[in-house]
Structure formats: structure tokens, C-alpha cells
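Asks: Quick one, fold the following:
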Amino acid sequence: MAVATRILKALLVALLLAGSAYAVAKLNLFGLESASDRVADGVYQRITAADYGADRKGQRQISVVYLDESSMEAMKGYGWNRFPPTYDQQWQMFDDLMQVGGAPPAAIYADFVYTGQGGPNEGLDAFMTGVAAATRAQAWSRAPGCQTDPLIKIACIEAAGGTPFIFAKPSPADLDIFTDVQRRLDAVAVLTPALVNDRAYPLVIKYGFDPAKNARLDVHAFDVSPALAMYAAWCLRQADACGVSGFAELKGRARQAIAGKVFAPTDVSGVFNAPLDVVWGSRPDPEYLAMTQAVTGRAAPCRAAGSGFLTRLGEQLTGLRGPATGARQECPYALTLGYDRMVAGLGLQSGDLARVLAGRLVMVGGQFRASNDWVESPVQGEAPGVHYHAMALDNLVEDGANYRRNGNMMFDSDLLKSMLIAALAFFGIMGVMARNSLLDHAIATRMEPRLRAIIYGPLYLVIFGASIAVVAAATWLGVSLLHRAPINWIGIYACVLGFLFYATRETLPADILGSIEHLPWVRWLQARLRRFGAFLKFEEDRLLSPRSPRAAEPADNPAEPPTDTSNAKEAPAHVQS
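Replies: The predicted structure follows:
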């Protein structure tokens, strides 16, 4: 009965600890829980960044072409004398991407929002005509079956022999406006939400609008993210459609849709059923390193590829490296090239341009320092928004339907963490009770104190080591097998280990010191520590010491009255001097 009571007590204490942790997580005071989740995910990514994309499957398919302040300055020699450039100049850029690689890209995503509200629309007709020609819009734009949803539109462009052009747009959930320029662009290309400041990267976006609002904002059943749109375009070129049944259906339906048949919206929500937790890689593309050397004449200031798991773990444990710190930086994971370098061709060969463009998934975006289109990468630090989409696309190409899902958006992850804390606390309490039983046995058998380490050492090692190992294993299993974002392992470690140290705050020092205090150097150290501790005590100290009374001088004192000794009794002998 006593054993059952103690087990019940251990269970109750563990549940109280877990309940407190769950309440703190749900209250999320001052955003500390959310910040802790992000820190845990960031540290995990920095530790494992060098192991991402071992086969470089996604890296071989994706390129980033950018414009920045240097690009705009260099392009003045080619007539780009205003910002933003005119529409026909921008189409010239896209046309270059289509032509100079020797073969068109597999798909192009432009991380630019075109609303037509920024001033004169110079060259807009030329821009629209060029995009329509690239996507073969004449073959599919008037077919109702190709307008059902964005995925069937991409399939129709592929079936017509065009190159899918995907442009960013403001999210309809954020901006209740759809301009005439956007409507014209939507008729010849695919528009996807820009996803500004979204921490969990959504793939399929359903707004829940009524049909009238959907029509007014040109929402075709649902929206897809830029990464999923580009991934769909790539999968439609693969023989197995990347193993996604919805994409395989699209390949069969596209020609029928062009011919006039209308299908129900494509349902891929069963496969892409949760937002993506974007995984950032750190190993730069070898082609990027070679091209940087050719263009600048200097090696890229990238961190060595040999910085593996153990090196990065040591850095994080010692706090030596955060995102984008260190003498050599984490370079962009994707093959990246400025548009002005491509135009000038300095140091580049035609084969280099083919590797950047031909048959690739090309992401085009800005890297302007004054722009707000920057995201926080746990590996590279601040990164342009186009690299966020490029890494999300890389995750899909690498992992397909087994992409890492954002656990916080799927189920109550706080409950899972609390259950893990409860289990670890319960077994820790049982270990402390086992220690007390061993102490009773040691006293009963009169075991020498110096031998206690043989008993208690393995016990404490099991209690603390098992807690650390279980949290590490749960984190790894969740990421590798369940394809979930890492749990808040830092918070769990702090909670569980803090509780275990509190529970053993009296027994642990006594057991460890009691087994080694017979050693001379330990006794010497204890004596010095006691003296140092006594020196540090301040509770009885005064800032200003009281003044000692001044000795009185004879001249200063009035005459003492004579002492009457006639009635004085003799002092007892035991108090006399």
C-alpha cells in the first residue's frame, strides 16, 4: 500500500508540473513561449544545416536571379534610368531569362507585385503580350476549364507548350482590391499570394469567401503559395508526377480542359495538409562558388562545407555562433546570380548561363536594402524574401509529400510537450525515491561514505542522462520520422533538468561530496570555499561602522562624589580579582 501511495504521489507531482508548463505555454506571456519555440527551431536548424540536401536534388533544379542597388546602377548603361523600370524593360529581363540559357526555364516566379498603381504604365501592352506569348495564353486563356483553380491553369500552360509564369500578388485576405492590371495579368499567367511575414509557410490557401467576393478578387476556388505553384509546374514534367495523385490527374485533364471540358477544382489538400516549416540549408551550390570566382575574381566568403554536425553542435553549446555571424558567412543555398552580371557577361560563359536558366525553376526577386521584403533565416540571418520562397521550393523538391510540417499549426503541440515533461518528471521522482531506498540500505549495512559514489553515480547518471537522451530522441524522431518541426526542446530541457536539480538540491551535493571528502585536496578546497563564503556574507555588515567612544580626560569630568564604604560588604571570594 505504501509503495502504491508513493507512486501515486510521484504521478501527482509530475502532472502538476506538466499542468503548470501547459498553462504557461498557453498564456504565452509577453510572447515568451513563441519566442522560445523559434529559438529552439533556429538552433536545431543551425546545428543540422550542413546535413540538409545531401544529394543536392533541389539545389540542381532551382536558381535565383536578383536585382539590387548595384544592379540598377549597372543597368543604367542599358537604358534603365528609372525605378521601377518600365514594363517593357522588365519584359526584356524576362525575355532574356527565356532565351540566353539556350532553352527556356521549366517555370519562372517573379517576386514582384504588379498593380499598375505606381505611375505611368509605359510598355504595359508589350509586357502583357510577351507574357502571353511565353505561356501560350491564346491556347488556354478562353477555356473555362483552365480557370477553375491555379493548378489546372499551370497544367494547361504546360499542355499548350508554354512556360508557366507565376507572379506575386497581395493576399486577398489582407488587401480587398484587385486592380485592372492584375486582372489582365491573371488572364495570361498565374498569380499567387506574396506571403509577407508569414512564419509558417502555407501551401494551399482557402479564404472562405462567398462566390461573389471570389469573383471580384479573382480567387479561383483557392490559392497556392509560390513554392507549391513552382513545384506543381516541375512535377507535371516528371513521369510519375512526383507521386502526387492530384498532379497525375492534372496531366490527364489539361488537354481536355483546353478543349472545353470543365472539371471540379483539383484537391491536393490531403497531401499538402499543413503549412511548411521551411528548412534552410547552408552548403552553397558549387556552381555558385565557381561563378562568383569568375565574376569577381575572388572566392566567395562562404563558410567551409566541412563544418558538420559536431562542429555546429559545439558552437551552439558554447554560444559562439548565431545566424549570419562569424568571419565567413553562410552563403545562399540556391544558385544565385545578379541580372546585371548576366547581361554584362563578365567572366561567364554560355555554359554558365545554361546551368542557371535552361530547364531550371527560376525565382526572380529584389535584394534592395531599403525594401521590407526581407525574412529572418535561422542560418543566413536576414535574407531576401525570394530566398524564402526558393528554400520552400527546395524543401518540396527534396522531400515531396514528406516535407517538414509546422507542428504548431496541426495539433496541440503544447499538450505533447507537457506530456513529455510529465513522463520525464515522473521517472525522475521515482529515481529520487530509489536513491532514498539505497541510502537506507547504505546506513543499515554501514557502507563507507567514500563507497557511495559507486552506488549513486550510476543512478544520477541514469536520471539526468536518460532525461537528456529522451528529449533528444523525441526531437529527432519528430523531425526525421514524423516530418514535424522540432519541439521546443530547449524549453523542455530547462523545465525537466531544472526540476530534477531542485528535487536533488540536498541529496546530490551530499552524495557526491560525501564520497570524495576524504581526499586531502577536497578538504583543502572545502575549507577555502567556506572561508570565501564567510567573506561574502553581508547580512550583518554596516555601510558605516559606529564610532567608538572617546576616552574621558580628568579635567573634563566633574568631581566624583566620595564613595561611602562604611556599609560596603566584602565581595565574595569567587568574584574578587
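
Asks: for the record, mean pLDDT for stretch 44-61?
Replies: Per-residue pLDDT values over stretch 44-61 give a mean of 89.

Asks: now stretch 489-502
Replies: 86.

Asks: which residues sit against it?
Replies: 17, 21, 33, 36-37, 39-40, 43-44, 417, 420-421, 424-425, 428, 463-464, 467-468, 471-472, 474-475, 508 (C-beta atoms under 8 Å, 6 or more residues apart in numbering). Backbone N, C-alpha and C define where each C-beta goes, glycine included.

Asks: Show me which parts of it are buried, residue by residue.
Replies: Buried positions in stretch 489-502, judged by neighbour count with 16 or more other C-beta atoms under 10 Å: 489, 490, 491, 492, 493, 495, 496, 497, 499, 500.

Asks: Quick one: distance of the host helix or strand of residue 256 to the chain centre.
Replies: Assessed by DSSP states H and E, residue 256 sits inside helix 245-258. Centre-to-centre, helix 245-258 and its host chain are 35 Å apart (C-alpha atoms, centre = their mean, to the nearest Å).

Asks: pull the CA atoms of it into CSV?
Replies: C-alpha atoms of helix 245-258 as CSV (Å, rounded to 0.1, in the frame of the first residue of the first chain):
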residue,chain,number,x,y,z
SER,A,245,-2.2,11.7,-57.4
GLY,A,246,-3.6,15.2,-57.8
PHE,A,247,-0.8,16.2,-60.2
ALA,A,248,-1.2,13.0,-62.1
GLU,A,249,-4.9,13.8,-62.6
LEU,A,250,-3.9,17.3,-63.8
LYS,A,251,-1.6,15.8,-66.5
GLY,A,252,-4.6,13.8,-67.9
ARG,A,253,-7.1,16.6,-67.6
ALA,A,254,-5.2,19.6,-69.0
ARG,A,255,-5.8,18.9,-72.7
GLN,A,256,-9.5,18.1,-72.1
ALA,A,257,-9.7,21.4,-70.2
ILE,A,258,-8.2,23.3,-73.1
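
Asks: What residues sit buried inside that helix?
Replies: Neighbour-count burial for helix 245-258 [16+ other C-beta under 10 Å]: 246, 247, 248, 249, 250, 251, 253, 254, 257, 258.

Asks: Which member of those residues is positioned nearest residue 288?
Replies: residue 247 (29.4 Å; C-beta to C-beta).

Asks: any idea how far the closest one lies from residue 205?
Replies: 18 Å (C-beta to C-beta, to the nearest Å).

Asks: same question, residue 491
Replies: 30 Å.

Asks: hmm, back to that, can you turn the buried part of the contacts of stretch 489-502 into a PyMOL selection?
Replies: In PyMOL, this line selects whichever of the contacts of stretch 489-502 come out buried by 16+ other C-beta under 10 Å:
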select buried, resi 17+21+33+36+37+40+43+44+417+420+421+424+425+428+463+464+467+471+474+475+508
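
Asks: So which of the contacts of stretch 489-502 belong to helices?
Replies: Judged by DSSP state H, the contacts of stretch 489-502 include 17, 21, 33, 36-37, 39-40, 43-44, 417, 420-421, 424-425, 428, 463-464, 467-468, 471-472, 474-475, 508 as members of helices.

Asks: low-scoring stretches of the chain, by residue?
Replies: 117-120, 196-198, 304-310, 314-329, 407-412, 447-454, 514-515, 548-577 (pLDDT under 70).

Asks: residue ranges for the strands of it, please.
Replies: For the chain, the strands defined by DSSP state E occupy 62-67, 107-113, 165-169, 190-193, 204-205, 223-224, 335-338, 361-366, 374-377, 381-384.

Asks: Next, the angle from the longest one to strand 165-169.
Replies: Which is strand 107-113. 20 degrees (axes from the mean of the first three to the mean of the last three C-alpha atoms, to 10 degrees).

Asks: Against which helices or strands is strand 107-113 packed?
Replies: Counting contacts by 3 or more C-beta pairs under 8 Å, 6 or more residues apart in numbering; DSSP states H and E, strand 107-113 packs against helix 87-99, strand 165-169, helix 226-235, strand 361-366, helix 385-399.

Asks: Please identify the most buried of these.
Replies: helix 226-235 (a mean of 27; mean count of other C-beta atoms under 10 Å).

Asks: could the helices and strands packed on strand 107-113 go into CSV alongside distance to residue 136?
Replies: Output for the helices and strands packed on strand 107-113, formatted as CSV (distance: least, C-beta to C-beta, whole Å):
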stretch, distance to residue 136
helix 87-99, 13
strand 165-169, 11
helix 226-235, 14
strand 361-366, 18
helix 385-399, 23
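
Asks: one step back: mind checking the strands of the chain for the one nearest to residue 50?
Replies: Of all the strands of the chain, strand 374-377 comes closest under C-beta to C-beta, at 14.7 Å.

Asks: on contacts alone, who are the packing partners of that closest one?
Replies: If you count contacts as 3+ C-beta pairs under 8 Å, 6+ apart, strand 374-377 packs onto strand 381-384, helix 385-399.

Asks: Could you export those as JSON lines, including distance to residue 85?
Replies: Converted to JSON lines, those look like this (distance: least, C-beta to C-beta, whole Å):
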{"stretch": "strand 381-384", "distance to residue 85": "18"}
{"stretch": "helix 385-399", "distance to residue 85": "17"}
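
Asks: Tell me which of the ones you listed lies nearest to residue 223.
Replies: Nearest of these (C-beta to C-beta): helix 385-399, 14.2 Å.

Asks: Now do the closest one: distance to the chain's middle.
Replies: 14 Å.

Asks: Nearest to residue 378 among the helices and strands packed on strand 107-113 would be which one?
Replies: Going by C-beta to C-beta, the one of the helices and strands packed on strand 107-113 nearest residue 378 is helix 385-399, 10.9 Å.

Asks: So what touches stretch 462-477?
Replies: Residues contacting stretch 462-477 (C-beta under 8 Å, 6+ apart): 44, 420, 423-424, 427-428, 431-432, 486-487, 489, 492-493, 496-497, 500, 504.

Asks: next one: stretch 384-395
Replies: Contacts for stretch 384-395 (C-beta under 8 Å, 6+ apart): 53, 58-59, 62, 64, 66, 109, 111, 194-196, 201, 225-227, 230-231, 276, 278-281, 332-334, 336, 361, 363-367, 373-375, 377, 380, 403-404.
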